[in-house]
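>>> got a predicted structure here, sequence first:
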Protein chains: 2
Amino acid sequence: MSNSDKSNLYTTQFKALSNPHRLTLFRRLMSCCVPGTVCNTDEVTRICVGDLGEGMNIVASTLSHHLKELNRAGLIQMEREGKTIQCWVEPKVLTELASFFAFTESK
Amino acid sequence: MSNSDKSNLYTTQFKALSNPHRLTLFRRLMSCCVPGTVCNTDEVTRICVGDLGEGMNIVASTLSHHLKELNRAGLIQMEREGKTIQCWVEPKVLTELASFFAFTESK
DNA sequence: TCAATAATTCGAAACATGTCGAATAGTGAT
DNA sequence: ATCACTATTCGACATGTTTCGAATTATTGA
């Protein structure tokens, strides 16, 4: 992956997290992590679309749109499971984003 | 700081980093870090506004607007030094953003 | 096959953002 | 005081984003 591709990915990911509703959704899915540790690969939280939007004041189509954005940005995964669609965060996504702020990379 | 204030700060900061020009500016200022380590507090890179925009295809007023956004988001500091205005990144900003992705926080 | 549930797609309206050029303001030197 | 240099503010325009409701698709069970 070229440097400009990496930059594009970061801007896309940060844009996805720049909306309050999307940040809320992402944080709900991030809760697979034990405080003070890196995410446990073996126990990733999976939540279906409907449950994810629970208590958020948005209609289904808006929720769907936001999850699609998070997915397009590579921040969350989505997979149909019977009648529902399950969502989760791959731990690698978190470690890579953390490393963006921790290390110098070429400009 | 309340949880919703923290969320607002994060969305503001991610929004600031979601623009390609602003991400480029931020990364130029991030280069105070030694690869594989946390930023060195004693040697923060300071670059003036004009030099920061060097080689980016934007006019001065646009550059100024973007730096103001980064500053409003708390991502960069700005200080007049004679005829120029110097910009830099406080290392604490980087460690706090890295920790967002490394740890679980309350939803 | 039909109905119920879960979720997506589409189009439209309101709102926010990125960009520029022109005008303005601060600083230091002549 | 005036000039050159550095940077910001302002207004305008084009482009993107957020949101909703209505229509559509996918899946399962009766």
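Here it is on my side, so go on.
>>> surely residue A:50 meets residue A:84?
Yes: with contacts counted by C-beta atoms under 8 Å, residue A:50 reaches residue A:84, the gap being 6.9 Å. Every residue, glycine included, has its C-beta placed from N, CA and C.
>>> could you pull out the buried residues of the helix or strand where residue A:22 lies?
Per DSSP states H and E, residue A:22 falls inside helix A:20-30. Using 16 or more other C-beta atoms under 10 Å in any protein chain shown as the test for burial, helix A:20-30 gives A:21-30.
>>> taking these together, which two end up most distant?
Using C-beta to C-beta, the buried residues of helix A:20-30 reach their maximum pairwise distance at A:21 and A:30, which is 14.9 Å.
>>> can you pull the contacts of the closest residue to residue A:7 other than its chain neighbours?
Residue nearest to residue A:7 in three dimensions, not counting chain neighbours: residue B:23, with 6.1 Å by C-beta to C-beta, 6 or more residues apart in numbering or on different chains. When contacts are counted by C-beta atoms under 8 Å, 6 or more residues apart in numbering or on different chains, residue B:23 touches A:7, A:10-11, A:14, B:17.
>>> and what of residue A:53?
Contact analysis of residue A:53 by C-beta under 8 Å, 6+ apart lists A:25, A:60, A:63.
>>> which helices and strands does the helix or strand hosting residue A:96 pack with?
Using DSSP H and E, residue A:96 sits within helix A:91-102. Contacts defined by 3 or more C-beta pairs under 8 Å, 6 or more residues apart in numbering or on different chains; DSSP states H and E place helix A:91-102 against helix B:91-102.
>>> pLDDT averaged over the helix it packs on - what is it?
Averaged across helix B:91-102, pLDDT comes to 92.
>>> could you do stretch A:6-25 as well?
What stretch A:6-25 shows for mean pLDDT is 95.
>>> repeat for stretch A:57-74
On average, stretch A:57-74 scores 98.
>>> that one and DNA strand C, are they touching?
Yes: interface with DNA strand C: stretch A:57-74 contributes A:60-61, A:63-65, A:67-68 (C-beta under 7 Å from any atom of the strand).
>>> filter the residues you listed by proximity to DNA strand D?
Contacts with DNA strand D within the residues of stretch A:57-74 next to DNA strand C, as defined by C-beta under 7 Å from any atom of the strand: A:60-61, A:65.
>>> I'd like those residues as JSON lines, with neighbour count, secondary structure and distance to residue B:43 appended.
Below are those laid out as JSON lines (neighbours: other C-beta atoms under 10 Å in any protein chain shown; DSSP: H, G, I helix; E, B strand; the rest coil; distance: C-beta to C-beta, whole Å):
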{"residue": "A:60", "neighbour count": "10", "secondary structure": "helix", "distance to residue B:43": "51"}
{"residue": "A:61", "neighbour count": "8", "secondary structure": "helix", "distance to residue B:43": "50"}
{"residue": "A:65", "neighbour count": "13", "secondary structure": "helix", "distance to residue B:43": "44"}
